[in-house]
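Asker: fold the following.
(one chain, ligands or ions: 1)
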Amino acid sequence: VTPTEIEVRLAPPYRVRVGPGALAGLAEAAAPFARCAVLTDATVESLHGAALGELRGAPRLALDPGEASKDLNGLGSVLDFLAEAGLERGSLLITFGGGVVSDLGGLAASLYMRGIAVVHCPTTLLAQVDAALGGKTAVNLRAGKNLAGTFHQPRAVLADTSLLATLSDDEFRSGLGEVVKSALLGAQDLFALLEREHARVRSRDAQVLEQVVAACVRLKAEVVAGDERDEGSRRALNLGHTFAHAIERVAGYGRVPHGVAVAVGLMLALRSAELLDRLEDTGLTARVESLLGRLGLPRSLGALRAASGCALAAEELIAAMQHDKKNRGGSPLFVLPRSLGRTALDVAVPPAILIAAVRCQTP
Ligand code: GLY
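Answerer: Okay, here's the model as predicted:
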């Protein structure tokens with residue numbers, strides 16, 4: 001079976017291969033480079049190390065799985081590893097893992113010898129549809145998540161959907177939150193596909209997953225090609241994220257998976273748009289709510305409170321939104337949906353509306 005190929009039209013352009021067996025293209029992607037090294041995590045290495053094929057023999061660093069590796073200490077360890085592996089200016093770093101590995105590896109690649117090539121092989125649904133694509137790299141600082149980073153586009157992305165079979169249900173669901181965001185942003189035919197095939201998505205049917213990931217990749221490739229540096233239209237990708245970041249922060253990082261917080265953030269963005277009378281498609285909220293439920297995601301803040309055991313008090317969520325890194329001049333600006341495929345950027349939402357949106361959640 002031939003994987004789906006999608007081009008990201010930047011200078012230079014690069015290819016994203018999506019589908020079961022996409023990793024078979026790794027040797028070809030690495031062929032122009034005399035030296036390569038692999039950054040992975042211990043879980044991915046033990047489950048899927050064999051999928052690296054002939055690259056198994058390359059110097060390899062396996063991080064401790066989890067967000068704790070994604071800090072300045074972790075960055076130092078990766079840079080030292082690249083030096084010890086003898087990588088030169090014209091060498092390649094291959095990342096093989098979830099968003100932590102691609103964010104941290106991408107940053108290390110952009111700094112080592114002032115920038116070497118990187119190829120991402122994302123192994124989680126979240127990384128395949130979002131993190132590994134588009135060139136954003138980052139580590140967390142004490143002050144918050146993703147506060148230090150660069151833009152460094154990969155040479156290629158290989159999203160092998162057969163690796164998704166071993167994800168935990170929590171990790172898989174988290175990826176689905178970003179998938180629904182892509183659907184709401186207008187990824188071609190994705191919303192209808194998810195509504196029709198929700199059962200096959202949840203059972204991780206290989207064919208449906210390839211279509212789902214490919215639709216998200218096409219949308220993100222197009223958005224990133226139009227605004228590589230996140231100065232305008234790319235900000236649409238933050239739909240639901242100001243709410244989601246507040247939920248993750250108030251719950252305590254690691255308690256609510258990112259994409260699950262995004263799912264609830266999408267509902268809060270829809271409610272806010274409704275309250276501001278900016279939602280043109282008035283049936284959209286009910287459609288998204290029903291889809292989230294079918295995909296096993298929380299359909300409201302109340303449902304998330306019940307599922308996570310986190311209090312998520314309205315006042316604390318609103319205070320946390322004042323700290324979002326997307327803010328300018330101290331007040332939070334939101335991406336709000338208008339209809340399927342259309343959003344309004346940089347909307348200032350008055351506190352009274354935020355409180356009403358956060359409170360109008362039913363359990
Ligand atoms: N994850 C949002 C972006 O890549 O712009």
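Asker: secondary structure class for the residue in the stretch 51-200 of the chain that the ligand sits nearest to?
Answerer: Nearest residue of the stretch 51-200 of the chain to the ligand (CB to the nearest ligand atom) works out as residue 134 at 4.3 Å. (Glycine included, C-beta is placed from N, CA and C.) Three-state assignment for residue 134 (DSSP: H, G, I helix; E, B strand; the rest coil): coil.
Asker: so the closest residue in space to it that isn't next to it in sequence versus residue 316, what's the distance?
Answerer: Nearest in space to residue 134, with sequence neighbours left out and distances taken as CB to CB, 6 or more residues apart in numbering, is residue 224 at 4.1 Å. Distance, residue 224 to residue 316, by CB to CB, to the nearest Å: 33 Å.
Asker: residues in the stretch 151-300 of the chain within reach of the ligand, list them.
Answerer: Within the stretch 151-300 of the chain, the positions near the ligand by CB under 6 Å from any ligand atom are 230, 234, 237.
Asker: out of the residues you listed, who has the most neighbours?
Answerer: residue 237 (23 neighbours; other CB atoms under 10 Å).
Asker: pLDDT wise, what is that one at?
Answerer: As predicted, residue 237 sits at a pLDDT of 97.
Asker: and for residue 245?
Answerer: Predicted confidence (pLDDT) for residue 245: 94.
Asker: thought it was touching residue 317?
Answerer: No: the pair residue 245 / residue 317 is not scored as a contact, 10.1 Å apart, by CB atoms under 8 Å.
Asker: which one's more surrounded, those two?
Answerer: The neighbour count for residue 245 versus residue 317, taken as other CB under 10 Å, is higher for residue 245 (25 against 21).
Asker: nearest residue to the more buried one in space, please, no chain neighbours.
Answerer: Using CB to CB, 6+ apart, the closest residue to residue 245 is residue 324 (5.5 Å).
Asker: same check on residue 95?
Answerer: residue 105 (3.6 Å).
Asker: over to residue 200?
Answerer: residue 208 (4.4 Å).
Asker: dump the residues of the stretch 151-300 of the chain next to the ligand to a markdown table, plus distance to residue 43 and secondary structure.
Answerer: As requested, these are exported to a markdown table (distance: CB to CB, whole Å; DSSP: H, G, I helix; E, B strand; the rest coil):
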| residue | distance to residue 43 | secondary structure |
| --- | --- | --- |
| 230 | 30 | coil |
| 234 | 31 | helix |
| 237 | 27 | helix |
